[in-house]
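S.K.: here's a sequence, model it:
(2 chains)
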Amino acid sequence: MKYALRWAGPVLFVALACLALLLSPYFLGRLSLVLSTGITLTGLVLVLGYCGQINLAQGAFFAIGAYAFAILRSKYGWPMFPALGAGVIFASLLGAFTGLPAARLKHFYLALATIVVAVAVPPILNRWTSLTGGASGLLIPGIAVPSWLPIDHPDRYLYLVCLTASALVALYVSRVLKSPLALEMTAVRENEVAALTAGISPTKVKIASFITAAALAGLGGGLFAQQIAFVSPESYSSALSVMFIAGTIVGGIRSLPGAFLGAAFLQFVPDIANQINQSLTPVLLGLSLLAAIRFFPEGPIHWVRERRTRAIELASTKNRLKQRDGREI
Amino acid sequence: MYEFVLAVSDGLAMGGVYAALALALVLVYRTTGILNFAQGEIGTVGTFVVWSLIAANLPIWVAIPIGLVLAFAVGALIERLLIRPIQNIDPVLAVKNTLGIYLVCNGATAIIFGADLRDFPSIFGNKSVMIADVPVSYASIGMIATILIAVICLYLLLQKTEFGLSLRAAASNPVSSELSGINTARMFGFGWGLAAMMAALSGVLAAPILLLDHNLLVSVLVYAFAAIVLGGFDSLPGAVLGGFLIGLSETFAAVYLPVIGTDFKILVPLTLVMILLIFKPWGLFGKAEERKV
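M.R.: Below you'll find the model as predicted:
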């Protein structure tokens, strides 16, 4: 079992990579959007799920990552990978800037500080026309497929990039979740004062989780922007952060695969909802969020897993009783 | 002078709107210890109820009280159905729940009433009175007066009646008050109901100025958050004062710093609040929190 689990990740990765040759470029593009959103949501899994801090600025960090990426790509002609790195750095800086003044306070103040950032970023993007292109946005140049890859379409290549990035992020986050930092984050979530008496600095833990989340949002934002090939302020409104939180909760607030599940939810639910009414998307998201919190607060994946474990336990108990008593119960 | 008086009256009027919603947030925070992100949307729903009643040819003086009572019922119902079941498990979970309520209310009002802006009549008419040679509208004066009356009523209810005493007791120590025979569950529901009523009042006051649509109180909620940070999370007078200060700083910035414009003016009070937080982390009136482990 353990052996199988160790190989589950790489096998899944190879299987998903093979999709790059099988699916249409359009659908692969959609999957790239899912993956880049998923990377952003893993940040929320850390900060919201493990550290228990309400972060309404994840959309703003995402926007900064996307805009830093777009500006460097289109105005300064940077290649994709360095621009992605710059997006991560700018988003982390904003994360530090958000976390530093408010992290020493009780958590609702930190939540309010994130609201300030979420509200501040869209009008700044709109106003700083010389840099951001204002309301008309910025076009991002396309990418070239490297010659050594047997691929015909840049969307297929970008999908592979997003997949690799997601795999690396998943690897990194699962490492973080096994590190003492995860325990410290849980302690801060459960009881800050108790954590403090156990020698943990809640401020440091909160800032660390904030910066990590922001960095992941920066990476996701850059990849997302490259897939859309365009950034404009209206696609990064402050409502985005609420959507991200909803996606994370629906996927499973402390679940790494759940983050990608939630991202798929965010990506595909509007397709269905928009056929009926454009405002149906927030209603569906909100209802799913309420249902998720009420019925499976740890997420659907955990829920299914728990059901299965229970079924297995029940079966083995029945089996034992049968052997002991020699009859069915 | 002309600009100054106008800025003061407009600032106080908008401040009243923010104060009403800030009061709602404080009521919810004091009774159930959570931050209600759906507070603005609950108020918007109440405002739409009032609008529908007016559209059904009811006079506005009848429509508003009915709307407020219905808003009370909605607030109490939300507390009963969506907050209480998970409140005891994890308050942060309840906060996340309010984000869900926010999304549902916002989307549902957009679906039911459409996404276009609509006019909303003011209770106070559109006449004005001359103060120091400046026409100050009845609406501004009426809004300020309404909020002050609401605050005084709330104050009397919470501080001078036995019912208010039970409400405060239930909020500050649920277990002990339950043991001394207070129905705490009903008190929490009542707190949420009162909050919803204040939110609806805020919506009714804001709608003639901002025009009614499903996003009516979204930005007002941000100002209200800023107001409770200024006033300290749990202080009712602090919330009112915070609301008025935020309203004043916003209009003064818009009048005297034209660079700021409509899209940036929301940042002025927020920046002020962030700076204040660095020096006075618990707000102007809040007390540093102590907590048992």
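S.K.: check which helix or strand covers B:L270.
M.R.: helix B:267-279 (DSSP states H and E).
S.K.: buried ones in that helix?
M.R.: B:L267, B:V268, B:P269, B:L270, B:L272, B:V273, B:M274, B:L277 (16 or more other C-beta atoms under 10 Å in any protein chain shown). Just so you know, the C-beta spots here come from the backbone N, C-alpha and C atoms, and that holds for glycine as well.
S.K.: the last one against A:A103, yeah?
M.R.: No. Using C-beta atoms under 8 Å, B:L277 makes no contact with A:A103, being 11.3 Å away.
S.K.: what about the residue in the stretch 151-293 of chain B that chain A sits nearest to, neighbour count?
M.R.: At 4.2 Å from chain A, B:D263 is the closest residue in the stretch 151-293 of chain B, using C-beta to the nearest C-beta. Around B:D263 sit 13 other residues, with neighbours defined as other C-beta atoms under 10 Å in any protein chain shown.
S.K.: list the residues that contact the residue lying closest to it once chain neighbours are set aside.
M.R.: Once flanking residues are discounted, B:D263 sits nearest to A:P123: 4.2 Å by C-beta to C-beta, 6 or more residues apart in numbering or on different chains. Applying C-beta atoms under 8 Å, 6 or more residues apart in numbering or on different chains to A:P123 gives the contacts A:P233, B:D263, B:F264, B:I266, B:L267.
S.K.: quick one: the residue of the stretch 151-293 of chain B closest to chain A is in a strand?
M.R.: No. B:D263 is assigned helix when assessed by DSSP: H, G, I helix; E, B strand; the rest coil, not a strand.
S.K.: wait, isn't B:A20 in contact with B:A196?
M.R.: No. Proximity of B:A20 to B:A196 does not meet the contact threshold set by C-beta under 8 Å, at 11.6 Å.
S.K.: run a quick neighbour tally on whichever residue of the stretch 101-250 of chain B sits closest to chain A.
M.R.: Nearest residue of the stretch 101-250 of chain B to chain A, counting by C-beta to the nearest C-beta: B:L103, 3.0 Å away. B:L103 has 28 neighbouring residues, counting by other C-beta under 10 Å.
S.K.: tell me the contacts of it?
M.R.: A:V242, A:A246, A:P282, A:V283, A:L285, A:G286, A:L289.
S.K.: quick one, strands of the stretch 51-200 of chain B?
M.R.: Along the stretch 51-200 of chain B, the segments classed as strands by DSSP state E, counting those that start in this stretch run B:128-131, B:134-137.
S.K.: worst mean pLDDT among these?
M.R.: When the strands of the stretch 51-200 of chain B are compared on mean pLDDT, strand B:128-131 scores lowest, with a mean of 74.
S.K.: so what touches it?
M.R.: Counting by C-beta under 8 Å, 6+ apart, B:V5, B:S9, B:P135, B:V136, B:S137, B:Y138, B:I141 sit against strand B:128-131.
S.K.: the nearest residue to the fifth one once chain neighbours are set aside: neighbour count?
M.R.: In this structure, B:S137 finds its nearest non-sequential neighbour in B:S128, 4.3 Å apart by C-beta to C-beta, 6+ apart. For B:S128, the tally of surrounding residues (other C-beta under 10 Å) stands at 15.
S.K.: tell me where the model's unsure across the stretch 51-200 of chain B.
M.R.: Residue ranges of the stretch 51-200 of chain B with pLDDT under 70: B:89, B:132.
S.K.: so is stretch B:63-75 next to chain A?
M.R.: No. If you take C-beta under 8 Å from any C-beta of the partner chain as the test, stretch B:63-75 misses chain A, and the best it gets is 15.4 Å.
S.K.: so where's chain A uncertain?
M.R.: A:1-5, A:102, A:106-107, A:327-329.
S.K.: which parts of it are helices?
M.R.: With helices called from DSSP state H, chain A shows them at A:2-22, A:25-44, A:58-76, A:80-102, A:107-127, A:129-132, A:154-178, A:180-190, A:192-197, A:202-228, A:239-251, A:256-276, A:280-295, A:300-325.
S.K.: list the buried residues in stretch B:247-267.
M.R.: Buried-residue list, stretch B:247-267, by 16+ other C-beta under 10 Å: B:247-255, B:260, B:264-267.
S.K.: among those, which ones are in helices?
M.R.: Judged by DSSP H, the buried residues of stretch B:247-267 include B:G247, B:L248, B:S249, B:E250, B:T251, B:F252, B:A253, B:A254, B:V255, B:F264, B:L267 as members of helices.
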